[in-house]
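> just a sequence and a predicted model for now, questions to come.
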Amino acid sequence: MEKKSVAARETFALEIKRLVSEKMGAEYQVERLTAGKNNGVIKETLHVSQKSGAYAISFYLEELYRSYCRGIPMEVLSENIAETVREEDKSPVQIQEFLSRSWVEENLFLRLVNLEKNLEQLEGAVYVRRLDLAAVFYVLTEQGEDGIKSFRLPKELWERMGLGSAEEYFAQILENTEQLFPAEVKRLEDSLAECIRKEGGKEPEWLRKELQEENEPARSLFYVLTNRQKINGAIALFYPGLLSRLEERFRGGFYLIPSSVHEILLLAESEEAEAEELNQMVREVNESHVIPEEILSDHVYYYHKSCGLCSRMG
């Protein structure tokens with residue numbers, strides 16, 4: 001069964017590459033390449049580039065194959081790819097602009113990843129270490145209702161612009177990030193209800209009862225920290241003054257549980273909440289429920305005004 005599945009994926013990859021090549025014509029090159037993702041995850045892509053070298057875009061073959069298995073014909077998938085490439089090729093942001101120091105400075109923002117699991121990828125990146133995490137520099141190229149477009153800032157480009165130490169720019173770029181992606185803190189119950197409604201579902205009875213309760217901070221066990229876009233929101237834990245303001249809500253120290261690179265769960269410190277038990281919970285959830293490239297950490301963090309933010313290994 002496994003061999004049959006591998007053969008089916010290979011047949012799909014060859015055919016979708018052929019169809020896209022036909023639709024794009026002689027000006028474009030279509031290749032199957034591998035791309036390194038967060039935490040060392042490697043994925044195969046369909047890479048479409050102008051032969052002039054002016055433009056390139058990649059599509060994950062795994063996601064394309066899943067769409068095909070759900071019933072979307074290869075002809076439709078290949079046409080969607082071709083249309084996407086043609087539209088992106090018309091983007092007002094040109095590669096030459098990336099070489100402008102002022103443009104890059106104005107559009108820099110940060111994403112948070114696990115340091116140890118990304119050492120190889122970070123060799124060519126610009127980042128600042130915080131605890132056992134890395135705040136990686138990205139450049140925003142476009143932002144709209146459908147999301148954002150960005151690229152990880154290469155160390156080579158950073159050095160070419162003569163910007164100096166990444167640490168010197170951390171505070172400024174963190175402010176940029178907060179302005180571009182403001183923090184959002186919600187009760188876990190409200191966050192779950194929002195996700196269910198977004199998917200067109202209906203809240204279970206227990207959740208409806210929770211939502212009907214008075215919206216007081218003490219009535220919720222967990223809170224969710226992310227950004228308004230809910231994408232790569234874990235960096236918000238370093239926003240200036242945010243954790244000290246949250247401590248007022250918890251009336252003391254609290255744990256920060258890394259749900260993923262997108263969000264952090266907050267839990268008030270108590271006799272019932274032991275760090276090692278929380279660490280074990282994080283490890284189990286990461287192994288069974290979190291996409292490998294979205295794992296942020298295998299342990300919880302802790303904040304108290306007397307010591308600030310620190311790792312809590314147990």
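That came in fine, so what should we check first?
> can you check which helix is longest in the chain?
Taking DSSP state H as the criterion, the chain has its longest helix at helix 2-24.
> contacts for it next, please.
Contacting residues not belonging to helix 2-24 are listed as 28, 30-32, 44, 46, 48, 61, 64-65, 68, 74-75, 77-79, 81-82, 85 [C-beta atoms under 8 Å, 6 or more residues apart in numbering]. The way it works is simple: take the backbone N, C-alpha and C, and place the C-beta from them, glycine included.
> one more time with 10 Å
Where contact means C-beta atoms under 10 Å, 6 or more residues apart in numbering, the residues beyond helix 2-24 that reach it are 28-32, 44, 46-50, 59, 61-62, 64-65, 68-69, 74-75, 77-83, 85-86.
> so for the following helix or strand past it, mean pLDDT?
Using DSSP states H and E, the next helix or strand after helix 2-24 towards the C-terminus is strand 28-36. The predicted model assigns strand 28-36 a mean pLDDT of 87.
> helices and strands around strand 28-36, which ones?
With contacts defined as 3 or more C-beta pairs under 10 Å, 6 or more residues apart in numbering; DSSP states H and E, the packing partners of strand 28-36 are helix 2-24, strand 42-50, strand 56-60, helix 74-89.
> thinking again about what came up before, among the contacts of helix 2-24, which ones are buried?
Among these, those that count as buried by neighbour count (16 or more other C-beta atoms under 10 Å) are 28, 30, 44, 46-49, 59, 61, 64-65, 68, 74, 77-78, 81-82, 85.
> give the contact list for C307.
Going by C-beta under 10 Å, 6+ apart, the list of residues near C307 reads G253.
> okay, it: pLDDT?
C307 is assigned a pLDDT of 88 by the prediction.
> what do you get for A166?
Reading off the per-residue confidence, A166 sits at a pLDDT of 94.
> contacting residues for it?
With C-beta under 10 Å, 6+ apart as the criterion, the residues that contact A166 are A125, V126, Y127, V128, R129, A135, V136, F137, L153, K155, W158, I173.
> check for me that F109 belongs to a helix.
No: inclusion of F109 in a helix is not indicated when DSSP: H, G, I helix; E, B strand; the rest coil is applied; the result is strand.
> which one's the longest strand in this structure?
Ranked by residue count, the top strand of the chain under DSSP state E comes out as strand 133-144.
> next, the buried residues of that one.
For strand 133-144, burial by neighbour count (16+ other C-beta under 10 Å) applies to L133, A134, A135, V136, F137, Y138, V139, L140, T141.
> so what's S259 up against?
By C-beta under 10 Å, 6+ apart, the contact set of S259 is 188, 222, 224-226, 233-234, 265, 282, 285-286, 289-290, 294-296.
> next, it: phi, psi?
phi -70, psi -40 (degrees, to the nearest 10).
> tell me where the stretch 51-200 of the chain has strands.
56-60, 108-114, 127-130, 133-144, 147-152, 183-187 (DSSP state E, counting those that start in this stretch).
> can I get those strands in CSV with mean pLDDT and distance to E10?
Formatted as CSV, the entries for the strands of the stretch 51-200 of the chain read as follows, by pLDDT from 0 to 100; distance: least, C-beta to C-beta, whole Å:
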stretch, mean pLDDT, distance to E10
strand 56-60, 86, 16
strand 108-114, 95, 31
strand 127-130, 96, 36
strand 133-144, 88, 33
strand 147-152, 81, 30
strand 183-187, 90, 42
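> can you put those in CSV and add distance to R251?
Putting the strands of the stretch 51-200 of the chain into CSV (distance: least, C-beta to C-beta, whole Å) gives the following:
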stretch, distance to R251
strand 56-60, 45
strand 108-114, 27
strand 127-130, 26
strand 133-144, 27
strand 147-152, 36
strand 183-187, 15
